[in-house]
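**Q** fold the stuff below for me.
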Amino acid sequence: MSPRLSFRLAAAAFAVLAILIATLQARRPSTTPAPASTNTDRVVTPQAARLARCQSLGAAGAEDPDCLKAWDEARAQFLGTKKVER
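**A** Below you'll find the model as predicted:
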């Protein structure tokens, strides 16, 4: 058997295998992810409420002193550093 013929047979076998795998995947029933838990018992802290208000302000929140202070406090709490006074 010539090398050229073996290469063509190997390429054809690879193409058939790829088509077979694609067909099997397409026929496989789709799995839907589990619904996200809707935890309505979550306690909203005052800091979270302030941050939510600042987020709703959009770009104007970058100039709001209360938002800047809330973000500094959240950053300090996350990083475990001292609070920054503004």
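**Q** in this structure, which ranges drop under the pLDDT threshold?
**A** By pLDDT under 70, the low-scoring segments of the chain are 34, 36-42, 82-86.
**Q** do a quick rundown of the helices in it.
**A** Taking DSSP state H, the helices of the chain run over residues 3-27, 46-57, 65-79.
**Q** need those helices in a markdown table (columns: distance to residue 35 and mean neighbour count).
**A** C-beta coordinates here come from the backbone N, C-alpha and C atoms, glycine included. As requested, the helices of the chain are arranged in a markdown table below (distance: least, CB to CB, whole Å; neighbours: other CB atoms under 10 Å):
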| stretch | distance to residue 35 | mean neighbour count |
| --- | --- | --- |
| helix 3-27 | 24 | 9 |
| helix 46-57 | 23 | 13 |
| helix 65-79 | 29 | 14 |
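**Q** just send these back as TSV, with distance to residue 33 too.
**A** Compiled in TSV, the helices of the chain are given as follows (distance: least, CB to CB, whole Å):
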stretch	distance to residue 33
helix 3-27	18
helix 46-57	26
helix 65-79	28
